[in-house]
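Student: quick one, structure for this:
(chains A and B)
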Amino acid sequence: MIKKYTYRFGVYVFYFTLTSCINGDNYTSVSPVVLDFGSLPYPSLSQYHFFEGNIAELKPVYGVLPYKIISGLFIDYAKAKTFVWMPKGKSATYVNDYSIFDFPDGTVLITTHYFENVLPKKETKLIETRLIIKNEGEWTLVNYVWNTEQTEATYTKEGSVVGVRWLENNETRTVNYSIPSYDECFACHNKYEVIKPIGPKPQNINHNLAYKEGTKNQLEQWVEIGYLDPNYSKNIVSAVNWEDASQPLELRARSYLDINCAHCHSDKGYCNYPPMRFSFNKTKDPKFLGVNIQHGFNLGDSLTNIVSPGNTETSALLFRMRSTLGQFKMPIIGRSLQHKEGVQLIEQWIRSLDTSPVKDQLSANRITKSL
Amino acid sequence: MKKIYFLIFCLTTLTASAQTSSDTCTDASNATAITGVGTFTVTLINGSEAPTPDCTISNVTASNGEWYVYTPSSTVEATISSDLAVNGDKDTRVHIYSGSCASLACIAGDDDSGTYNGTNSTSFLSVVTFLALEGETYYIAWDNRYQSNGFDFELTEAAYNSISFTQQNIVTGTHSPSISCAAVDMNNDFLDDIVSITKSTITPEEPATPYQVYNLNIQYQQANGSFISTNHAVGATYDASWSLAAGDYNDDGYNDLVFGSGAGVNVIKANNNGSSYTMVAENTGPFTQRTNFVDIDGDNDLDVFVCHDIAPNVYFINNSNNSLSYYQSGDNNPSNPISGDGLGEYNSGGNYGSVWIDYDNDGDMDMFLAKCGGSEAKRKNQLFKNNGNGDYTEVSITSGLSDIIQTWSGAWGDYDNDGDMDCFIGGYAGVAHKMMRNNGSSGNYTFTDITASTGINTFSQTGVDNAPADFNNDGFIDIFSNDNILLNNGDMTFTAFSAGMPDSGAIGDLNNDGYLDVVTPNFNPNSRMYLNNGGPYNWIKINTIGVQSNKNGIGARIEINSVGLGTQIRDVRSGEGFKYMSSLTTHFGLGLNTTINAITVYWPSGVVDIINNPSINQTLNITEGQSLSVNTSLYEELSLYPNPTTGVINLKTSLNIENTLYTIFDMKGRQVLKGEFKTRSIDVSRLSTGAYFLQIMDKGLARTQKFIKE
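Tutor: You can find the predicted model right below:
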């Protein structure tokens, strides 16, 4: 009973805040999303009303806008569906090509991880839905774990492990998928302990997406829907889809390393002390990728550099990407399997690098000091 | 004729050094000694004293000899060689002795090791190399076993490379690579065994649950130097990819283990004879870094401390029945026995290297926490002073150890042998190392940055693992730092050795020769031993067997006092450096010292044991309380008044007791009170009625007096 009243109250709150039509619509639409900051985080995902009908189908309601970053984080072969919601009348603004948009209070970024063709029934299995919610200038991290019946997802700060067996290209695969604890979410999603989103940056969404209404550049769609201030650079230096073989190999590698590594290996990230800076906008300079940079400590007799041009077997970066052992694998949180295709990409890239001798092989020390 | 003779004489004097040979050993002793490199000429072998005994393998003596005395000005590798082109066809033989002319002892000798052969089919010239210690007297004697002809010889000196290792692989198990390793006694025979952990070959068909079967390979060191390998299957949820520690938390004589991984931590208990291992406690979540077995809450049993990378630190507290209860620092759990500032409560962690030492010499273990990553506030190192009973105060700022340096571990040791623990902070990712010298009791146990004078900031090798150990047994603690050994020169400067040094691993004595070795997982199916090639110095090893204290004696302070070297101290610790588990046997190098006045063990319980005049170059097992007896002799120069007392006892004594530790025992030898003298009186009002002993340490000797409390 109490629940119902709260729901109505929430709807009324947003009904009354409605002030204008959405561009291009013939009628005034209301987003059914309920966001009562005093009660957040809700115990159940359904309480937000992000999705209509059967919640597990992830059909977004009005105002919940699907988006897609051009290269995705590898998470043990789980797939991702991402959405963004903002309160009516508020929009994000462009900061620069490589930074998260300046989102308004009330923004929710929604990421659901799932597997398809899960055995034995070859069905879709939703694992978790991660929310990043902005309020009073600060973001909070909230995670919801789906039940086996796929009827609801429940809030938790605890990590857990879900065993999954699924078919990928007719091949059976298994994984112990790790749902992160709050502490693990925080470890990646922080800059000097201030929580930040990672994905939605202009460089990552400056490409077309097939919407219900037709295919359009995402930035343009965000403007149309009122989610983005139209004053943004029309010449955005953008990341590419690492899986797109028609793109230059170097851009593919840099895009892959940006989305998988830059959040920790950045100036204010969790692991800012080694010299790598994997952000796409920085890696034009190969030293930030660790090319010809001596590895700072002993990882094994032959691993001399972070990246050795032309030599995959002495490149510590590749060793860590290949490894599934706790003390070596990178990323350090978020995967337990090797990403075969990502490894192949980086192997190709390393082999393509100029092998002419370097006059001044830089040690990790000197790079760190120059940061 | 005369002219030619004169010329020859001149030439001879030009080529010869001041030292000419002597006919006998005694003559050589009275002549000028050789003190360094040079070329020397033996004109003719006709001295009356033939060298004896024969230092070459022939066992055939000669009829005549020529003698020199050599006293090196520093310890060197000396080479005596007649293998010079100018000697061509000649045939020489040489013997090197130490001792005295009346009692010569062979060090080395040589007959035909040379390469120059002149017109002979092979060389008959001699070359011999030996370790020549600074200030020692050596006798170089040539004989005429084969020829009496004169010849030249050279003495050259090479720097004594005072640390080197021989590498040896060990087959450790079924699946590669070895996840971690330890050098610690697992079968209660006090010999360090090698523990390697690898994944089992069992690959579950279904998606593997986090629970796996690990292969615990233990190489049990035998008295004869061999190893017997046994594999134990251990079912555990978390592997030891990030940390391994050992300690006997249930005091049954068999060390238990803790495995720490990025996803959680579990405690593995040995059965009552070390033949099988079972997971007994676990927690999901802790991104585990350094772990230690240590008495955190001051109840004289071992708990397990766990560094958490991304949240406040956690620990398993040992309850009185040896069950383990899990807590997180600052969790507001009313049962959590840790109070005060806790043990590392920064919200998002950054906790990497916890090491437990008594930095302020007050008889309990404090904790240094090396921190890294993120903002300055997150990565400031911390120092937790133990107030007793699980209460801790964070004192990094007042002590001078609050530092944003990026580090994963500090190596604590008394590097200058002045009676307090100093701290070497190992920089990571190119950040320079630091040496923080403990200012001792007169400095209120604050720390001063003396890095610049030590030279360690010039060492470019940085990394995560830094641990203290005396590797060359010269009585000065060295630092094992990321594939390098920083050898303590004895004056708070260090020399870095890298070629042939072990990479990070566990330190222990793997062949029971008194020289510390290293075992590394080597990223291979086989672990690798680095066996210390040893040297000329003496040593002693001590195993602490607790009775009132925990059985390993973890938390005990051991002090030795040897003639010539002074005082050295150790704290018994589980979990040094960052990742591995080193031996729980306490090791001291003694340099050339041959006498130890006393070993004093200050047990965590307060019991003090003193072993006078122990033998050196051996392992001593000391059981808590073995030297305490109720028939203790009383010290006349210490009188207590009023006696009997109802509240306070005052001391009248010629002893200098300021800042000295005291312990009060009841008649059964149980410690009831301990502290440090600030004044010359002690408040004993809370003691029950009865008779007690007051014991004070005075220059390594126990002074005892009795009093009655009414």
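Student: burial count for the residue in the stretch 201-350 of chain A positioned nearest to chain B?
Tutor: Closest to chain B within the stretch 201-350 of chain A is residue A:326: 3.0 Å, counting by C-beta to the nearest C-beta. (Each C-beta comes from the backbone N, C-alpha and C, glycine too.) With neighbours defined by other C-beta atoms under 10 Å in any protein chain shown, the count for residue A:326 comes to 21.
Student: now do residue B:564
Tutor: By the measure other C-beta under 10 Å, the count of residues near residue B:564 is 11.
Student: so what's it up against?
Tutor: Residue B:564 makes contact with B:591-593, according to C-beta atoms under 8 Å, 6 or more residues apart in numbering or on different chains.
Student: out of these, who has the most neighbours?
Tutor: Ranking these using other C-beta under 10 Å puts residue B:593 first, with 21 neighbours.
Student: and that residue, how close does it get to residue B:196?
Tutor: Going from residue B:593 to residue B:196 by C-beta to C-beta, to the nearest Å gives 36 Å.
Student: ok, residue B:66 next?
Tutor: Residue B:66 sits at a distance of 56 Å from residue B:196 (criterion: C-beta to C-beta).
Student: looking at these two, which is more packed in?
Tutor: It is residue B:196, of residue B:66 and residue B:196, that has more neighbours when counted by other C-beta under 10 Å, with 30 against 27.
Student: low pLDDT regions in the stretch 51-200 of chain A?
Tutor: Within the stretch 51-200 of chain A, not a single segment meets pLDDT under 70.
Student: which bits of it sit near chain B?
Tutor: A:158-161, A:163-165, A:174-176, A:178, A:181, A:183-184, A:186-187, A:190, A:192-193 (C-beta under 8 Å from any C-beta of the partner chain).
Student: which PyMOL command selects the buried ones in those?
Tutor: Here is the PyMOL command that picks out the buried ones among these, judged by 16 or more other C-beta atoms under 10 Å in any protein chain shown:
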select buried, chain A and resi 159+160+161+164+165+174+175+176+178+181+183+184+186+187+190+193
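Student: what sits against residue B:678?
Tutor: Neighbour list for residue B:678: B:658-659 [criterion: C-beta under 8 Å, 6+ apart].
Student: name the nearest residue to residue B:600, ignoring sequence neighbours.
Tutor: Of all residues not flanking residue B:600 in the chain, residue B:559 sits nearest, at 4.6 Å (C-beta to C-beta, 6 or more residues apart in numbering or on different chains).
Student: pairing partners for the one you found in the sheet, please.
Tutor: residue B:569, residue B:600 (DSSP bridges).
Student: show the pLDDT at it.
Tutor: Here the pLDDT value assigned to residue B:559 is 96.
Student: any residue of stretch B:449-462 touching chain A?
Tutor: Yes: residues of stretch B:449-462 contacting chain A under C-beta under 8 Å from any C-beta: B:460-462.
Student: work out for me the element the residue lying closest to residue B:67 once chain neighbours are set aside sits within.
Tutor: Spatial nearest neighbour of residue B:67, excluding adjacent residues (C-beta to C-beta, 6+ apart): residue B:28 at 3.8 Å. Secondary structure assigned from DSSP states H and E places residue B:28 in helix B:25-30.
Student: cool, residue B:664 as well?
Tutor: Residue B:664 belongs to strand B:661-666, assigned by DSSP H and E.
Student: helix or strand right after that strand?
Tutor: Sequence order places strand B:671-676 as the next helix or strand after strand B:661-666, per DSSP H and E.
Student: packing partners of the helix or strand following that following strand?
Tutor: The helix or strand immediately downstream of strand B:671-676 is strand B:681-683, counting by DSSP H and E. Counting contacts by 3 or more C-beta pairs under 8 Å, 6 or more residues apart in numbering or on different chains; DSSP states H and E, strand B:681-683 packs against strand B:648-653.
Student: give the buried residues for the strand it packs on.
Tutor: B:649, B:651, B:653.
Student: for the residue nearest to the last one when sequence neighbours are not counted, what are its contacts?
Tutor: If the residues on either side of it in the chain are set aside, residue B:653 comes closest to residue B:638, at 4.5 Å by C-beta to C-beta, 6+ apart. Residue B:638 makes contact with B:651-653, B:655, B:694, B:696, B:703-705, according to C-beta under 8 Å, 6+ apart.
Student: hmm, try it at 7 Å
Tutor: By C-beta atoms under 7 Å, 6 or more residues apart in numbering or on different chains, residue B:638 lies in contact with B:651, B:653, B:655, B:696, B:703, B:705.
Student: mind telling me what element the residue lying closest to residue A:73 once chain neighbours are set aside is part of?
Tutor: Nearest residue to residue A:73, sequence neighbours excluded (C-beta to C-beta, 6+ apart): residue A:259, at 5.5 Å. Per DSSP H and E: residue A:259 is located in helix A:249-261.
Student: could you do residue B:105 as well?
Tutor: Residue B:105 belongs to strand B:103-110 when elements are defined using DSSP H and E.
Student: quick one: end-to-end length of stretch A:81-95, please.
Tutor: 25 Å (C-alpha to C-alpha, to the nearest Å).
Student: next one: stretch B:272-283
Tutor: This stretch, stretch B:272-283, spans 24 Å end to end (C-alpha to C-alpha).
Student: can you check stretch B:164-184 too?
Tutor: Stretch B:164-184: ends 22 Å apart by C-alpha to C-alpha.
Student: for the record, mean pLDDT for that stretch?
Tutor: The pLDDT scores in stretch B:164-184 average 78.
Student: who in the stretch 351-500 of chain B is up against chain A?
Tutor: Counting by C-beta under 7 Å from any C-beta of the partner chain, the residues of the stretch 351-500 of chain B close to chain A are B:372-375, B:378, B:406, B:428-431, B:460, B:462-464, B:482-483.
Student: appreciated, that's everything.
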